[in-house]
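Student: Pasting a predicted model and its sequence here:
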Amino acid sequence: MSADGTGLSTEAVPAPAPTAESEGYSRGLSPRTIQMIAIGGAIGTGLFYGAGAAIEQAGPSLILAYLAAGLAIFVIMRALGELLTYRPVSGSFAEYAHEFLGRFAGFATGWSYWAVWVSTCMAEITVAGKYVQYWFDIPQWVTALVVLAVLFAANLISVRIFGEGEFWFSAIKVTAILAMIMIGIGVLVFGFGHAADPTVTNLWADGGVFPHGFGQTLLVLQIVVFAYVGVELVGVTAGEARDPKATLRKAINTLPFRIGLFYVGALVVIMSVASWRSFHAGRSPFVEVFEQIGIPAAAGIINFVLLTAALSSCNSGIYSTGRMLRSLALRDEAPARFAALSKQSVPFTGICASAGAMVIGVVVNVISPDKAFAYITSVSTVGIIVVWGVILVCHLKYRAKVRAGELPASDYRLPGAPVTNWAALGFLGLVVVLLLWTDGGRTALVVGAVWAALVCGGYYAFGRRELVHTG
């Protein structure tokens, strides 16, 4: 019974904190695979496709927005890295929230991250259907179902299959960006190709760095932040990485270089080869640049890369949702059946349940892919901010316990903490406030509020279930 006599204590006695060894996973992810997952996690359709709308809205100042958001992301990942070296576990975000912030925080973080990737996968499998229609006249829902089935089967076989798939998906994305950067530099330095007026002065000569004002650059931050969704995936791989402390540390340390090269570097080249006024929403800036240079079949090449990015995102989503459900089940915060591992050491039931939820995306794709998906993907908008914020707060709590002598200190520390923690939290808070200024942002906040109510109801339901089970 709780102190108030209701029997529904909000802070139940926690289960023993799992370690990487106690989780039972097979360490099938090699350092090579982890590094490529880390690289690929920071590259998605937000850069390849969504950057067109962001450039149109903010002009060259988009580069500064990516730099600012990238700095906040690096702080978040270094905070996560310090927690991971302290205790590397597969359900990292939920586990640390449970340990440092209490059971409800762990429950809410785990289920929110699950919802982030389920909704993202729903969108990505639909997008994959659109990309395939570039070559073949196949209904979108058919492609969506086939993609989901293939990636679902691959994730069930072994973690190594997931890792190899993600390695090659990421390799294709990285190759496309590097090729564009090198070709763009060649155009700028040697002048080959058919671009009208390639010069770095395009970054400030046409309306200045802030052609639409500083306010539009602030508003574009919300688009920029969500382009980074997936960078935290390396934290979920901790339970299945070989030598996780060294491998994850290396992956996080190279994050500034990856952000500088793949985001900032790519955008600098893109907006130097052609004026920012050449790019518009609904069209990939990579396609625009390749066509201006005179590369044949540019649209087909980038369409293939976009398809790869969608497959990569869905592959990661199936992987992470299965692990997060198992982590919740081990904490008695999800049905116990989700804690089971197959003979291949993969969370079979959790993957099946997550893929089953993603099938809703196929159904919605048949009924109303546009309006319905705007609401579904809004869950990921607010959800990822919550997860990133929780990482920062957990790190603050961890440091406090280290100072009190209650926990061992990590040799991999976040520089400038706690000042950098609060600065990154302030940045995330600014993004939430900015959501109020756009229609899509307001929708995201409303959906986020509905999701919060569902999480609270689910937490209450599991509390009552425990009360019944314990008599």
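Tutor: Good, I have the coordinates.

Student: from here on, contacts and neighbour counts on C-alpha atoms
Tutor: Will do.

Student: so how far is Leu255 from Tyr131?
Tutor: Taking CA to CA, to the nearest Å as the measure, Tyr131 and Leu255 are separated by 29 Å.

Student: which residues touch the closest residue to Ile63 other than its chain neighbours?
Tutor: Counting by CA to CA, 6 or more residues apart in numbering, Ile63 lies nearest to Val264, which is 5.8 Å off, once chain neighbours are set aside. Neighbouring residues of Val264 by CA atoms under 8 Å, 6 or more residues apart in numbering: Ile63, Tyr66, Leu67.

Student: what do you get if the cut-off is 10 Å, keeping everything else the same?
Tutor: Val264 makes contacts with Leu62, Ile63, Leu64, Ala65, Tyr66, Leu67, Gly70, Phe257, Arg258, Ile270, as judged by CA atoms under 10 Å, 6 or more residues apart in numbering.

Student: can I assume Lys130 sits in a helix?
Tutor: Yes - Lys130 forms part of a helix when assessed by DSSP: H, G, I helix; E, B strand; the rest coil.

Student: What distance do you get for it to Ala340?
Tutor: Distance from Lys130 to Ala340, by CA to CA: 36 Å.

Student: Repeat that for Val224.
Tutor: Separation of Val224 from Ala340 (CA to CA): 38 Å.

Student: Likewise for Ser278?
Tutor: Using CA to CA, we find Ser278 at a distance of 53 Å from Ala340.

Student: Repeat that for Gly441.
Tutor: 38 Å.

Student: Compare those two and say which is more crowded by neighbours.
Tutor: More neighbours surround Gly441 than the other of Gly441 and Ala340, with 21 against 17 (other CA atoms under 10 Å).

Student: contacting residues for the more buried one?
Tutor: Counted by CA under 10 Å, 6+ apart, Gly441 has contacts Gln222, Ile223, Ser378, Thr381, Val382, Val431, Val432, Val433, Leu434, Leu435, Val447.

Student: Kindly report the same for Met324.
Tutor: 90-95, 109-114, 236, 330, 334, 338-339, 347, 350-351, 354.

Student: And Leu261, by the same measure?
Tutor: Ile177, Leu178, Ile181, Leu255, Leu267, Val268.

Student: What of Val273?
Tutor: 183-185, 187-188, 195-203, 267, 289-290, 292-293.

Student: just for this protein, where's the confidence low?
Tutor: Counting by pLDDT under 70, the chain contains low-confidence ranges at 1-31, 38-42, 45, 90-91, 238-241, 244, 365-366, 368-379, 463-471.

Student: redo that, cut-off 50
Tutor: Counting by pLDDT under 50, the ranges of the chain that qualify are 1-16, 19-22, 467-471.

Student: all strands in it, in order from the N-terminus.
Tutor: Using DSSP state E, no strands are found in the chain.

Student: so which of the contacts of Leu261 comes closest to Arg413?
Tutor: Leu255 (15.3 Å; CA to CA).

Student: Around the closest one, how many other residues sit close by?
Tutor: What Leu255 shows, counting by other CA under 10 Å, is a neighbour count of 21.

Student: try the one 4 residues further on
Tutor: Ile259 sits with 23 neighbouring residues when counted by other CA under 10 Å.

Student: Correct me if wrong: Ile34 contacts Glu232.
Tutor: No - in this structure, Ile34 is not within contact of Glu232 by CA atoms under 10 Å, at 12.0 Å.

Student: and Gly317, what does it touch?
Tutor: Counted by CA under 10 Å, 6+ apart, Gly317 has contacts 113-122, 124, 151, 230, 233, 311, 351, 354-355, 358.
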